[in-house]
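Colleague: here is a sequence together with a model predicted from it:
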Amino acid sequence: MKNATLNNELTLSYPDDFEAMDAETLGKISQGKDTEGWGVWDPGHHVVITVLREHKNSLLLKLADPRAAVKQNEKATRKLYAGHGYEFGTFFTKTIAEREAAGYTYTFDDNGSVRSVKVLLVKHGGSSYGILCSCPQDELDAMGPVFDQVFDSIALA
């Protein structure tokens with residue numbers, strides 16, 4: 001596994017054979033949101049790992065419940081993929097750097113190929129990080145444990 005440090009705040013590990021994503025590809029994934037992003041992928045297998053950082057009002061961010069934030073994020077995702085066979089999976093929580101983070105899973109149709117996605121939202125200081133792992137649905141059995149390793153590797157400075 002390789003390591004990446006983002007904004008001198010968040011560190012995570014990802015598979016050695018993944019390549020850095022160019023700005024154009026990353027821009028498509030972030031859907032034009034006002035975010036800073038980073039991403040790697042395995043283009044041969046269409047597996048993607050991205051981290052999108054949103055700046056929020058730090059006081060509101062500190063007060064926000066991670067479970068409420070993830071439900072709001074899922075609602076926006078549901079709306080975004082409404083015409084693409086969106087199917088919600090489940091909500092989950094995870095402890096990251098001794099604080100609660102929350103996430104969810106879903107699938108959607110990407111031009112005839114069903115993709116499985118696992119999203120984890122992590123708050124840190126005045127930022128919110130969305131870590132997104134995505135693969136073709138038929139690759140989920142192989143990639144699910146890798147996605148868990150990525151989430152388990154997250155550290156905050």
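Modeller: That came through fine.

Colleague: most centrally placed residue in this structure?
Modeller: residue 132 (1.7 Å; Cα atoms, centre = their mean).

Colleague: which parts of the helix or strand hosting residue 49 are buried?
Modeller: Element membership of residue 49 [criterion: DSSP states H and E] is strand 47-55. Within strand 47-55, the residues that qualify as buried are 47, 48, 49, 50, 51, 52, 53, 54, counting by 16 or more other Cβ atoms under 10 Å. C-beta here means a position set from N, CA and C on the backbone, and glycine is covered the same way.

Colleague: relative to residue 117, how far out is the last one?
Modeller: This means residue 54. Shown here: residue 54 relative to residue 117, a distance of 18 Å by Cβ to Cβ, to the nearest Å.

Colleague: kindly report the same for the fourth one.
Modeller: Using Cβ to Cβ, one obtains 10 Å as the distance from residue 50 to residue 117.

Colleague: overlap of the contact sets of the two?
Modeller: residue 132 (Cβ atoms under 8 Å, 6 or more residues apart in numbering).

Colleague: quick check: next helix or strand after the helix or strand bottoming out on mean pLDDT in the chain?
Modeller: Lowest mean confidence among the helices and strands of the chain (mean pLDDT, DSSP states H and E): helix 58-63, at a mean of 51. Once the chain leaves helix 58-63, the next helix or strand it forms, by DSSP H and E, is helix 66-80.

Colleague: circling back to that earlier point, residues touching the residue nearest to the centre of the chain, list them.
Modeller: Applying Cβ under 8 Å, 6+ apart, the residues near residue 132 are 29, 48, 49, 50, 51, 52, 117, 118, 119.

Colleague: next one, pLDDT for the closest residue to the fourth one other than its chain neighbours please.
Modeller: In this case it means residue 50. Using Cβ to Cβ, 6 or more residues apart in numbering and skipping residues adjacent in sequence, the residue nearest residue 50 is residue 39, 3.8 Å away. In this model, residue 39 is scored at 93, pLDDT.

Colleague: chain center to the helix or strand harbouring residue 39, what's the gap?
Modeller: Per DSSP H and E: residue 39 is located in strand 36-42. Here strand 36-42 is found 10 Å from its chain centre; the criterion is Cα atoms, centre = their mean, to the nearest Å.
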